[in-house]
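**Student:** I would like the atomic coordinates for the input below:
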Amino acid sequence: VLIDCPPHLGIKLSASLTAATHVLCPIRLCGFSLDGLSGLLDTIFDVQKQLNPKLCIIGAIINAFDRSVSHQKTLENLQAKIPGLVLKNIIRNRSPFDKANTESVPVGEIPGGKRAEAELQQAFDEIYKKAEIRLTEAAGV
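**Tutor:** Okay, the predicted model is just below:
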């Protein structure tokens, strides 16, 4: 079961972390990304200590990444401050994602969406591996 929470630190997040087995932190790079991730990690550690000692942090996945200097600098700062937490696979900012979302279809069905689909698959493969989920489990088989 996947639980998607609002990006603020509140009761919904704490309740979700208490019920979860694993947590993945999607990050959209901006000037406050490191501060937001630090606050989230503090909340995760508190929940681990007090309510859910089995909660496992998969990592942080970068979302909507572009090749701008600011995104690259923020990513480097994040990787330096929290080594090993940021997943290797990054989801780039690609227009097929928006179109697929608007049309409610898989991104691979959108013209030009095959690269985005492959990028997502690589990210999911890394997530499954870190969470020790076999693909047959993930597919519900």
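
**Student:** in stretch 62-79, what counts as buried?
**Tutor:** 62-65, 71, 74-75, 78 (16 or more other Cβ atoms under 10 Å). From N, CA and C alone the C-beta is placed, and that goes for glycine too.

**Student:** pretty sure G39 contacts L13?
**Tutor:** No: using Cβ atoms under 8 Å, G39 is not in contact with L13, being 10.3 Å away.

**Student:** more neighbours: which of those two?
**Tutor:** Neighbours per residue (other Cβ atoms under 10 Å) separate G39 from L13, with L13 holding more: 19 against 13.

**Student:** could you look up the SS state of the closest residue to the more buried one other than its chain neighbours?
**Tutor:** Of all residues not flanking L13 in the chain, C5 sits nearest, at 4.7 Å (Cβ to Cβ, 6 or more residues apart in numbering). Taken by DSSP: H, G, I helix; E, B strand; the rest coil, the conformation at C5 corresponds to coil.

**Student:** and C5, what does it touch?
**Tutor:** Going by Cβ atoms under 8 Å, 6 or more residues apart in numbering, C5 touches 12-13, 16.

**Student:** which stretches of the chain have low pLDDT?
**Tutor:** Low-confidence segments of the chain (pLDDT under 70): 7, 31, 135-141.
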